[in-house]
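> Below is the sequence, then the predicted model.
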Amino acid sequence: MENLLEIKDLTVDIMSTRGIVHALDGVDIRIAKGEIHGLVGESGCGKSMTAKSIMRLHDSRRSRVKGQILFQGRDILTLTEREMQKVRGARISMIFQDPMTALNPLLTVGDQIGEIFSGHKQCGKKEARNKTMEMLVKVGINPPEKRIDQYPFELSGGLQQRVMIAMAIACSPDLLTADEPTTALDVTIQAQILDLLKGLQKEMGLSILLITHNFGIVAEMCDRVSVMYAGQVVENAETKSIFRKAAHPYSQALINSIPKAGVRGKYLSTIPGSPPELFNKTKACAFAPRCPYADRRCDTAPTLQAYGEEVGHVAACHHR
Amino acid sequence: MMKFKGNFLHRPMFRIRKQQGTLFTVPFMLSSLILVLIIGCCILAPSISPYSPTAQDLANSLSQPSSGHLLGTDKVGRDLLTRLFYGGRTTLLGALGVVAFSVMLGVPFGLFAGYYGGKIDAAIGRVCDVVLSFPSLLLAFIFVAGFGRGMNNAIVALGIVYVPMLTRLVRSLTLVEKNKTYVEAAQSIGYSDFRIMFRHILPNCVSTITVQITLDMAYAILDLAALSFLGLGVQPPTADWGAMLDEGRNFLLQTPLLALAPGGAIVVTVVVLNIMSDSIHQYLEPIQRKLPSFEKQERKLQKEGVS
Amino acid sequence: MLKYVVKRILQLIPIILAVSVLVFIMVRIAPSDPIASMTKGKQISIETRHSLEQQYHLDKTEPEQYFIWITNTLKGDFGDSFQHKQSVISLVAERLPTTLQLVLMSSLLAIFIAIPIGIISAVKMNSVVDRVLSMLTLVFVSSPVFLTGIVLMLLFALKIRVFPSFGTGNSFTENIYYLALPSIALSMNMVALISRITRSNMIEQLNANYATTAVAKGTPYWKVVLKHCLKNAIIPVITVTSIQVGSMIVGAVLVENVFALGGLGALLIEGIKSADYPVVQGITLMLVVMFLLINLIVDVTYALIDPRIRL
């Protein structure tokens, strides 16, 4: 299948008050057209940073980016700010984790969605409003005439996230990045939002980069999945194949920590320790300190190698 | 199910770096130095300066700066530099007095209001409302009108004016601290309310209060100078920066230094206090702090690696 | 909305009463003699003294005096000045226009300079521009208004004679010229304060999540700054501005003093120095009411900006 987005050897360093954080370290990800690609890992492993890099949303004064992000063959990192503006919201769009803070509290829903039409399509006020109305219907917000003039604080979390989705799909983009779109929502609402995303993806032929820490969501939604740890992709495979047999101990641990229905009297498996703080680069395998299989070999970092029978299943582990 | 060995601690691969940044930044050190210098001159005025701040020497009136009088003399021949030192004593002590007064009332009021809540909070709140319904300088005028003119009265007047702001700050800090576990713990041990407020809650608010106090000190200098300038504060012939500015402006064309020197002294002191307050604030809340460039940081890391 | 305004005004009444009592007491405990201020220090007979005391109700008990004053004030009669033998109202009416124009000019000047400075410093946070602007505002926030006034006067009225060094003109437009230096002096403090508040609030809002969303939508950065962030940052700025404008009415006294402008403040200070009870009481009460009303107007503006605030 044709690649819509190809991230090649992406390295991002962030300057923080505590020193340089090596947030991403040589990340490679390919997203095909019409694919839902899962990006999984614990908090702080670089998932959100990857998404931000695709949109070029990091503070340019505090970060240093190397590598390539090819979107439809063009390297996003070399675009001018003005060219980038045309990509953002129109060709690539993004949904954030917490819709409450991601929406401007002082502008109406209509203002915030309408801004996209007036910005990218040079629509007049009236036309923008009509299109906004259509979008609200499309994401299942009823009645749109009432909601369009409401402020974010008047909406529930689920509705707010639907507004975010409406903004994201307004210009029928090619790629939608969803950064933990359901984490801040009630469990019952989560399923609705995921269904909505899946429906829209089928209808519009979108590609979605779905960031989550929950392998359960991956199982339901994604075609492929990349597992990230400490700023690196440690495993990449089709969803079925990773669930059949995960290669990396970290992926295995994440899959094992999904609660299963009908299993009682057993503790949920956990991963001891927490992800490393990324101040120093290391030559060793980053997961080794938490890994049950760690041995001598892990003092040198593994690279992504083919694994198993499936084509395109790769993992970075000496013990695969 | 997978088993994990507890071996994740023994490899110190990722050193956890301590919070970068220190209170003792260049601007902070520089302003502390200047402040110490100013205070030093004021304290040591009698031994540094050969002149008296009030002795008149009419033969030498309004003289230009010379080796005898480094900044020249005023209308009645008093040495300007000497008066600047002595004036600093009045101004700085006055400002200190204002802040001390407001802390002595404002901090307990804020603690009581925040800790007890209810009627006590409401009562203190109403009093603050009344005081805050005045523009601050106006209230100082009214108090000076009541107590009579003069430095001590001006200090008390401004002290009262500064109380409500501090009360509100301490109250809001107390409200936050009150719900923390350590207060509950102290209560469960059976400590008295008084002890909990002053020995447990107060120390946790001190840093924020310090920022406010440093800032208040700066404002107090400005407000005291304003009162003296209008003839409501320090009375002649006592030297004071505000009063000296008032006297000096009558000779603006002949000897502008008479007005500009005390003015400059006020500005420098207040700037320095502002910088110190900002530094402490930034140290406590590092969000707005300027970060080093990548190159600088990497050079530093390399240096650390070598040594 | 109207209900809210009425409620707030009702809440103000006890505060204003408390203020009036406070001012009344403060003026009475003053050590100076009001009769002396009426006679400008001349020796007078006991009889004249008594008749003067009677005329101004000074022979009555303090509570009675307060009651007379406050009822007359409610009727709009602030009494006669001891010193000027003229009604307080007419004295104020003569002086108020100058003070108001001064405050108006300074506020407008301050707002139109300070907010852009604050926005630029925030957007260019920690850059050279920001540092220079921060340094400048720091100096101005630390400089007493009367010093700024004196320096401006020295530079632009005495050394280079572009502006008059004292006095006022006869009309509003002529006054713009006369009040130029005083307004600049008075506004400098406010410029510094407002730009610093604007800067820190803008920095906070520029880092807010919704700003990232706006950028992610492909909104041009200037629009994110001016449309999305400024609106969110402006409320604290308005608070500070309003308090500043209120204090400015009083702070104007310092500038009026420097430039010999005979405004309201000068009248008040003179009244304080000479124990002119009706003048001090009347002006203070008027200023406090003005100050409180400004605050009320500001609270109403909040509701217009932020839909989450319901009045």
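Structure received.

> number of nearby residues for whatever residue of the stretch 51-200 of chain A ends up closest to chain B?
Proximity of the stretch 51-200 of chain A to chain B (CB to the nearest CB) peaks at residue A:64, 5.6 Å away. (Each C-beta comes from the backbone N, C-alpha and C, glycine too.) For residue A:64, the neighbour count with other CB atoms under 10 Å in any protein chain shown is 15.

> Next: residue A:190.
With other CB under 10 Å as criterion, residue A:190 counts 18.

> what do you get for residue C:242?
19.

> does it sit in a helix or strand, and which one?
Element membership for residue C:242, per DSSP states H and E: helix C:230-258.

> Next secondary structure after that helix?
Next along from helix C:230-258, by DSSP H and E: helix C:264-273.

> how big is the angle separating that following helix from helix C:230-258?
On the basis of axes from the mean of the first three to the mean of the last three CA atoms, to 10 degrees, helix C:264-273 is oriented at 60 degrees to helix C:230-258.

> now check helix C:264-273, is it near chain B?
Yes. Helix C:264-273 lies within reach of chain B by CB under 8 Å from any CB of the partner chain, at C:268, C:269, C:272, C:273.

> how about the residues of the stretch 201-311 of chain C near chain A?
Counting by CB under 8 Å from any CB, the stretch 201-311 of chain C sits next to chain A at C:208-210, C:212-221, C:228, C:231-232, C:305-308.

> all helices for chain C, in order.
C:2-28, C:34-38, C:46-55, C:62-74, C:88-123, C:128-141, C:145-153, C:172-178, C:180-206, C:209-216, C:221-223, C:230-258, C:264-273, C:277-305 (DSSP state H).

> and what of chain B?
Using DSSP H, helices in chain B cover B:26-43, B:45-48, B:80-116, B:118-132, B:136-147, B:151-178, B:181-189, B:193-195, B:202-229, B:241-248, B:257-284, B:294-306.

> what helices or strands is the fourth one leaning on?
In terms of contacts (3 or more CB pairs under 8 Å, 6 or more residues apart in numbering or on different chains; DSSP states H and E), helix B:118-132 is packed against helix B:80-116, helix B:151-178, helix C:2-28.

> Output these as a markdown table; include the columns mean pLDDT.
Output for those, formatted as a markdown table (pLDDT from 0 to 100):
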| stretch | mean pLDDT |
| --- | --- |
| helix B:80-116 | 92 |
| helix B:151-178 | 91 |
| helix C:2-28 | 87 |
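
> Out of the ones you listed, which is closest to chain A?
Closest among the helices and strands packed on helix B:118-132, once you apply CB to the nearest CB, is helix C:2-28, at 19.1 Å.

> re the thing from before, I'd like the helices of chain B laid out as a markdown table, including distance to residue A:309.
Formatted as a markdown table, the helices of chain B follow (distance: least, CB to CB, whole Å):
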| stretch | distance to residue A:309 |
| --- | --- |
| helix B:26-43 | 63 |
| helix B:45-48 | 90 |
| helix B:80-116 | 67 |
| helix B:118-132 | 72 |
| helix B:136-147 | 79 |
| helix B:151-178 | 59 |
| helix B:181-189 | 55 |
| helix B:193-195 | 72 |
| helix B:202-229 | 61 |
| helix B:241-248 | 86 |
| helix B:257-284 | 58 |
| helix B:294-306 | 44 |
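
> Now render the ones you listed as a markdown table, adding distance to residue A:12 and mean neighbour count.
Converted to a markdown table, the helices of chain B look like this (distance: least, CB to CB, whole Å; neighbours: other CB atoms under 10 Å in any protein chain shown):
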| stretch | distance to residue A:12 | mean neighbour count |
| --- | --- | --- |
| helix B:26-43 | 30 | 15 |
| helix B:45-48 | 58 | 14 |
| helix B:80-116 | 44 | 22 |
| helix B:118-132 | 49 | 16 |
| helix B:136-147 | 50 | 24 |
| helix B:151-178 | 36 | 22 |
| helix B:181-189 | 38 | 12 |
| helix B:193-195 | 51 | 12 |
| helix B:202-229 | 34 | 22 |
| helix B:241-248 | 54 | 27 |
| helix B:257-284 | 26 | 22 |
| helix B:294-306 | 12 | 11 |
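
> Distance check, residue A:242 against residue A:262.
Using CB to CB, to the nearest Å, residue A:242 is found at 22 Å from residue A:262.

> With neighbour numbers in mind, choose between the two.
Just comparing residue A:242 and residue A:262: by other CB under 10 Å the higher neighbour count belongs to residue A:242, 32 against 4.

> ok, stretch A:242-256 near chain B or not?
Yes. Under the criterion of CB under 8 Å from any CB, stretch A:242-256 makes contact with chain B via A:249, A:252, A:253, A:256.

> Pull the number of nearby residues for residue 116.
Using chain A here. 27.

> meant chain C actually
12.

> Least confident of the helices of chain C, on average?
Mean pLDDT values for the helices of chain C show the minimum at helix C:34-38, a mean of 72.

> Whether that one contacts chain B - can you check?
No. Residues of helix C:34-38 are not located near chain B by CB under 8 Å from any CB, the shortest gap being 11.9 Å.

> elements contacting that helix?
So helix C:34-38, by 3+ CB pairs under 8 Å, 6+ apart, packs with helix C:46-55.
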